[in-house]
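> Just to be clear, the model below is a prediction. Sequence and coordinates:
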Amino acid sequence: MADKVIVLRSARAEVDERSFRIKYAELLNPSQLAAVSHRDGPILVIAGAGSGKTRTLIYRVARLIESGVPPGAILLLTFTRRAAQEMLRRVEHLVGDRTRAVAGGTFHSFANLTLRQFGSAIGLKPNFTILDRSDMEDVVNLLRTRMGLGSRDRRFPKKGAITEAISMARNKRRELGEEIELDFPHLAEHRDDLARLAAAYDAYKRERGLLDYDDLLYRLAELLERHEDVRHRLSGTYRYIMIDEYQDTNLIQAELVRLLAAAHRNVMAVGDDAQSIYSFRGANFRNIMDFPEIFPGARVVKLEQNYRSLQGILDVANEVISRAAVKYTKVLAAERRGEFRPLLVRAQDEHMQSRFVAERILELREQGVELGEIAVLFRSGFHSFDLELELQRRDLPFIKRGGFKFIETAHIKDVLAHLRVIANPADAVSWLRVLMLVPKVGHRRAERLIEEIVAAPQPEQALARAAESIGAGARSGGGPGSGAGGTAAARLAALLAELRGGAQARPADLIARTLEYYLPLMRDSYPDDYPKRERDLEHFQTITERYRSLESMLADVALEPPSDSLGDVLAVEPEEGYLTLSTIHSAKGLEWMVVFLIWAADGRFPGPQSVGPEELEEERRLMYVASTRARDELYISYPISMFDRAMGYVVGHASRFLEDIPAEVLPTASLQEAGEEPA
C-alpha cells in the first residue's frame, strides 16, 4: 500500500483575496494594490506627488500583518517620528492594537535605540549623550581655541563652516580632505589643520561618551559591518523593512538599509526622484536611481494617479520634470476634476509683484478661502522681504517658516544641560554650559572645574568642594529656601545632587525643580525679554509631561526637537488664521488650496550659484516640488526689473524651467496699474 501523500501549500502560493478582512482591491488603485500586495524581495515604489504613498505604506503594513507576519518583524523607517506615529496609528485603526509591536521611527531614533542596546560591542556605553548641531559647534570651537587655531593674529574658518564640512564628509562617506576639495574649496588652505581638528573632535567625543547626529548613523554602520552576529540578529528580527522618502537618504542610510536586509532582501523603498531636493544636507539623488542595482531583481512600481491637484497644475509639473536629464519617467494624472489653469504673472518690479500677491489674497479671503489655505513660496528666505512689508501694511497676518528652532534657544538649552549631566556625568559640553551660568565663573575657570568634576566618582561633591574657591562674592542666583550666604556654585552642586538622587522621577518634575534654580539666573541674564522665555519654559515643561524616563526625554528632544517658540505662536490671532510664507525646502510634504510662487526669475530661481549640471537638475526638481504643493490654484510670478549688485537694474526673464512650457499649459499675464492703457 502506497504511503499517503500530504501536499503542503507553498508560502509563495497565490493569495486568496477573500482571506483578508480588508478589501484591498476596492480601497486601492491598481498601482497601489500592486505595491501593497508585494510580499517578498525588494521593491521600489516611485510615488509621484499627491499619489497616496502614505496610504500605500499603511496598507502594506496592514496586509503583512493580515498575512501572518508578526508585527515585531516589520520595521518602518521615516524622516520624522510624527510621520511614523501617524502611519502606525492609521494601521492600528485598520487591524487593531497588534500594530503597536511594529518598529517605527526615524533612522536616527532607530540607531539611538540599537546603539544603546548593542553599542558595547564597539566600546559605547548605553548612557551616551546626543549632541545637536549647536553642541557640535561648541565642542569644535573649544578645541579650536585649545589648539591655537582661533587667535586674532590668524584668520581661521568659523565653527559653523568647520562643523558643516565635517558633517558633510561623514554623510557622503568621504575623507575630510576630499570633501573640502569638492565642496569647500575656500577652506583648502586650512586642510591640514582642519584634519587635525576633526581628529581631535572625534577623540573628544569618544572619551566623553558623546555622539552627534552623524555619529548615530556612522557608529551603527560600524557596528553592523564589524559584528556579523549583531547584523544577522537585527536582520533576522526585522524581516520586512520599509523606508519612506527614500530619495532623501544619504549614503550611510542607504548602506544601513542594505546591511539590515542582509538575511532576506525584503525591502520596500518608497520615494520620488522628482522630489530629491536636499543635497545640501547630504541626501544622495543616486540612492533612489541605483536601488535596482543595489538590490538586483527589484520590482519597480509607479504611482501616477494624483489625488491632490487639478490637472492644470499637474500639467505644469509634468512639463517641468519631463525635461530632467535623469529620471524615472512618469506622468501625473488628476483624480479631481476642474478647469483651472495656473498663471505665469509678469510684474514691472518687485513691489508690483508684492501688491499682486496681497490683492489676490484679499480677493480670495472675500471669496471665503481661509488664510490658512494659502501659501507664498520662494527659493530663498530674503525673496519675501518686500512682500512681508506689503502684507503688514494691509494687516494680513502671516507666519514665516524657518528661523531658530525652539530647542535651539539659549534658555531651553540651559535647562536641558542640567539634566544631561545627570544622565551622563562625562558630558563636558553640558557641564560647560551649566558652570558658565554661575556668576564669576568664566570660560577658563569652568574648563578647570570640568577636569576635576568629570574625573571624580561623585561629580556633585567635587563641585561642592570647588565652590569655596569661586569666592563668597558670587552674586546670588537662588530662590526661596536656597540658603542665605551660600554661593551659587554650592547651590548648583546641591541642585544636581538632588536631581541625581531623584533621577527616576518624571522628567517634568526634574525640570520643575531645575527651574526654581534657573529662573532667577535667567531673569538677570535676559532682562528685556524674560517673560517670553518663561512662557517657552512653561511650554517645554508641558511637552515633557508625557515622558516617564529621563533618558527617553533627552533622546527625543535631541532627535525630534519641538520647533515652535510659544511667543511666535501667540503672535497670530488664532480666530483669524494666518497666511504661510515659506521656502520651498520647508514646504515639502505640505499642501495648500492656493499657492503663489514668487521670484520665479532666472538668476533667482535657479540662483547664480547653481551652475553645475547636478545643481541645475536639483533646482528643476525644486520647481516641481513648489508647483505640486497647490491643490486648486497656482500663480507663478517674477519681476521684469531686477536689481543686480554688479550690474545695477537688469531685465528679468522667467525661470529657464518655465520658458519652454506651451502657452496653453501655462498662460502668461502682465500686470498694469489701474487706469493704464494695455501695453
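Received, thanks.

> Where do the helices of the stretch 401-550 of the chain begin and end?
Here the stretch 401-550 of the chain has its helices, by DSSP state H, counting those that start in this stretch, at 410-423, 428-436, 443-455, 459-470, 488-501, 507-525, 530-543, 550-559.

> so which of those helices comes closest to residue 632?
Among these, helix 530-543 comes nearest to residue 632, with 34.6 Å by CB to CB. (Glycine included, C-beta is placed from N, CA and C.)

> any idea of the angle the closest one forms with helix 410-423?
40 degrees (axes from the mean of the first three to the mean of the last three CA atoms, to 10 degrees).

> For helix 530-543, name the packing helices and strands.
With contacts taken as 3 or more CB pairs under 8 Å, 6 or more residues apart in numbering; DSSP states H and E, helix 530-543 sits against helix 410-423, helix 507-525, helix 566-569.

> which stretches of the chain have low pLDDT?
1-15, 150-154, 402-406, 468-486, 528, 560-576, 645-646, 675-679 (pLDDT under 70).

> max-length strand in it?
Determined from DSSP state E, the single longest strand within the chain is strand 630-639.

> gap between it and the chain center?
Mean-position distance between strand 630-639 and its chain equals 26 Å (CA atoms, centre = their mean, to the nearest Å).

> just stretch 85-101 next, same as before
On CA atoms, centre = their mean, the centre of stretch 85-101 falls 24 Å from the chain's centre.

> pull the CA atoms of that stretch into PDB?
The C-alpha trace of stretch 85-101 is given here as PDB (Å, rounded to 0.1, in the frame of the first residue of the first chain):
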ATOM      1  CA  GLN A  85       3.500  57.600  14.600                       C
ATOM      2  CA  GLU A  86       0.700  58.800  12.300                       C
ATOM      3  CA  MET A  87       1.100  55.900   9.900                       C
ATOM      4  CA  LEU A  88       1.100  53.300  12.700                       C
ATOM      5  CA  ARG A  89      -2.000  55.000  14.300                       C
ATOM      6  CA  ARG A  90      -3.800  54.600  11.000                       C
ATOM      7  CA  VAL A  91      -2.700  51.000  10.600                       C
ATOM      8  CA  GLU A  92      -3.900  50.300  14.200                       C
ATOM      9  CA  HIS A  93      -7.300  51.600  13.100                       C
ATOM     10  CA  LEU A  94      -7.300  49.000  10.300                       C
ATOM     11  CA  VAL A  95      -6.000  45.900  12.000                       C
ATOM     12  CA  GLY A  96      -6.200  46.600  15.800                       C
ATOM     13  CA  ASP A  97      -3.600  47.100  18.500                       C
ATOM     14  CA  ARG A  98      -1.300  44.400  17.200                       C
ATOM     15  CA  THR A  99       0.300  47.300  15.300                       C
ATOM     16  CA  ARG A 100       1.900  48.500  18.500                       C
ATOM     17  CA  ALA A 101       4.600  45.900  18.100                       C
END
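
> Please list the outside residues in contact with that stretch.
21-22, 54, 57-59, 61-62, 65-66, 70-72, 76, 78, 102, 104, 244 (CB atoms under 8 Å, 6 or more residues apart in numbering).

> which ones among those residues are found in helices?
Among these, DSSP state H puts 54, 57-59, 61-62, 65-66 in helices.

> of all those, which comes closest to residue 579?
residue 54 (25.9 Å).

> and the gap between that closest one and residue 67?
Residue 54 sits 20 Å away from residue 67, going by CB to CB, to the nearest Å.

> Looking at the two, which one has more neighbours?
More neighbours surround residue 54 than the other of residue 54 and residue 67, with 17 against 13 (other CB atoms under 10 Å).

> for the more buried one, what are its contacts?
83, 87, 244.

> With adjacent residues omitted, what lies nearest to residue 252?
Spatial nearest neighbour of residue 252, chain neighbours left out: residue 217 (4.6 Å); criterion: CB to CB, 6 or more residues apart in numbering.

> pretty sure that neighbour is touching residue 112, no?
No: at 10.2 Å, residue 217 and residue 112 do not qualify as touching, with contact defined as CB atoms under 8 Å.

> Report the secondary structure state of residue 68.
The three-state label for residue 68, taken from DSSP: H, G, I helix; E, B strand; the rest coil, comes out as coil.

> What is the burial count for it?
A count of nearby residues for residue 68, using other CB under 10 Å, gives 7.

> any chance you could map the helices in the stretch 251-400 of the chain?
251-260, 285-289, 291-294, 311-322, 350-366, 385-393.

> Make CSV from the ones you listed and add mean neighbour count and distance to residue 120 to it.
Output for the helices of the stretch 251-400 of the chain, formatted as CSV (neighbours: other CB atoms under 10 Å; distance: least, CB to CB, whole Å):
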stretch, mean neighbour count, distance to residue 120
helix 251-260, 21, 19
helix 285-289, 20, 31
helix 291-294, 16, 30
helix 311-322, 23, 48
helix 350-366, 18, 57
helix 385-393, 16, 52
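
> closest to residue 583 out of these?
The closest approach between residue 583 and any of the helices of the stretch 251-400 of the chain, judged by CB to CB, belongs to helix 385-393 at 13.0 Å.

> Restrict that closest one to CA atoms and write it as PDB.
This file holds the C-alpha atoms of helix 385-393, laid out as PDB (Å, rounded to 0.1, in the frame of the first residue of the first chain):
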ATOM      1  CA  PHE A 385      11.200  90.800   2.500                       C
ATOM      2  CA  ASP A 386       9.300  93.200   0.300                       C
ATOM      3  CA  LEU A 387       6.100  91.100   0.400                       C
ATOM      4  CA  GLU A 388       6.300  91.000   4.200                       C
ATOM      5  CA  LEU A 389       6.100  94.800   4.400                       C
ATOM      6  CA  GLU A 390       3.200  94.800   2.000                       C
ATOM      7  CA  LEU A 391       1.300  92.200   4.000                       C
ATOM      8  CA  GLN A 392       1.900  94.100   7.200                       C
ATOM      9  CA  ARG A 393       0.600  97.300   5.600                       C
END
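
> now it, how far from the chain's geometric center?
Distance, stretch centre to chain centre, for helix 385-393: 28 Å (CA atoms, centre = their mean).

> again, but for stretch 132-150
Worked out by CA atoms, centre = their mean, stretch 132-150 lies 24 Å from the chain centre.

> just use 20 as the starting number from now, easier for me
Will do, 20 is the new start, and the previous item becomes stretch 151-169.

> Flag every buried residue along it.
Neighbour counts over stretch 151-169 (16 or more other CB atoms under 10 Å) mark 151, 153-163, 168-169 as buried.

> what does stretch 136-150 give?
For stretch 136-150, by 16+ other CB under 10 Å, it's 137-138, 143, 147-150.

> just stretch 511-530 next, same as before
511-519, 525-527, 529-530.

> re the thing from before, please identify the most buried of the helices of the stretch 420-569 of the chain.
Compared across the helices of the stretch 420-569 of the chain, helix 447-455 shows the largest average neighbour count, a mean of 23 (mean count of other CB atoms under 10 Å).

> elements contacting it?
Using 3+ CB pairs under 8 Å, 6+ apart, helix 447-455 is in contact with strand 148-150, helix 152-165, helix 429-442, helix 462-474, helix 507-520.

> switch to 7 Å and redo it
helix 152-165, helix 429-442, helix 462-474 (3 or more CB pairs under 7 Å, 6 or more residues apart in numbering; DSSP states H and E).

> Tell me how many other residues surround residue 60.
That count, for residue 60 with other CB under 10 Å as the rule, works out to 14.

> who's in contact with the residue lying closest to it once chain neighbours are set aside?
In space, and not counting its chain neighbours, residue 60 is closest to residue 284: 6.1 Å by CB to CB, 6+ apart. Each residue near residue 284 by CB atoms under 7 Å, 6 or more residues apart in numbering is listed here: 60-61, 314.

> picking up where we left off before, could I get the helices of the stretch 270-419 of the chain as TSV with distance to residue 258?
TSV is the format used below for the helices of the stretch 270-419 of the chain (distance: least, CB to CB, whole Å):
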stretch	distance to residue 258
helix 270-279	10
helix 304-308	22
helix 310-313	19
helix 330-341	35
helix 369-385	50
helix 404-412	51
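
> Of all these, which one comes closest to residue 543?
helix 404-412 (33.8 Å).

> Tell me who's in contact with the nearest residue to residue 122 once chain neighbours are set aside.
Computed as CB to CB, 6+ apart, the closest residue to residue 122 that is not its neighbour in sequence is residue 94, at 4.7 Å. By CB under 7 Å, 6+ apart, the residues touching residue 94 are 122, 257, 260.
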